[in-house]
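A.B. asks: I would like the atomic coordinates for the input below:
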Amino acid sequence: MAARCHTSPPLPEGAKLIDVSSEKCRCYHYADGKKYHIDYPVELYILQNGSHRVIDEEGRTHRPTPGYLAISWIAKPGQPAFVA
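C.D. replies: Prediction:
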């Protein structure tokens, strides 16, 4: 597991920032059975149109394709099951 190596970008107008560093992983599920998996997410940006941007612990930015049916995640040991 790499150390966090990014600085948070400016928040786009109307976007919401959620600290998801308590998550071990997060997975977006699609109707065709495909999944998009992110290990060690740190920050979740929810844009006004509902689109997600996720920054992981290595500083990599992910943009899951819109149209997912569900999102699942696993909390790190000792962390809450979900954050608001």
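A.B. asks: show me the residue at the heart of the chain, geometrically.
C.D. replies: Nearest to the geometric centre of the chain sits residue 54, at 3.8 Å (Cα atoms, centre = their mean).
A.B. asks: and the pLDDT at that one?
C.D. replies: What the model reports for residue 54 is a pLDDT of 97.
A.B. asks: wait, isn't it in contact with residue 41?
C.D. replies: Yes. Proximity of residue 54 to residue 41 meets the contact threshold set by Cβ atoms under 8 Å, at 5.0 Å. For every residue, glycine as well, the C-beta is placed using N, CA and C.
A.B. asks: list residues touching both of these two?
C.D. replies: Common neighbours of residue 54 and residue 41 are listed as 20, 26, 62 (criterion: Cβ atoms under 8 Å, 6 or more residues apart in numbering).
A.B. asks: what's the local residue count around the first one?
C.D. replies: Right, residue 20. Look at residue 20: counted by other Cβ atoms under 10 Å, it has 20 neighbours.
A.B. asks: how near is it to residue 35?
C.D. replies: In this view, residue 20 and residue 35 are 17 Å apart by Cβ to Cβ, to the nearest Å.
A.B. asks: okay, and the closest residue to residue 48 other than its chain neighbours sits in which element?
C.D. replies: Among residues not flanking residue 48 along the chain, residue 14 sits closest, at 4.0 Å (Cβ to Cβ, 6 or more residues apart in numbering). Under the criterion of DSSP states H and E, residue 14 resides outside all helices and strands.
A.B. asks: can you report how many residues lie near residue 14?
C.D. replies: With neighbours defined by other Cβ under 10 Å, the count for residue 14 comes to 9.
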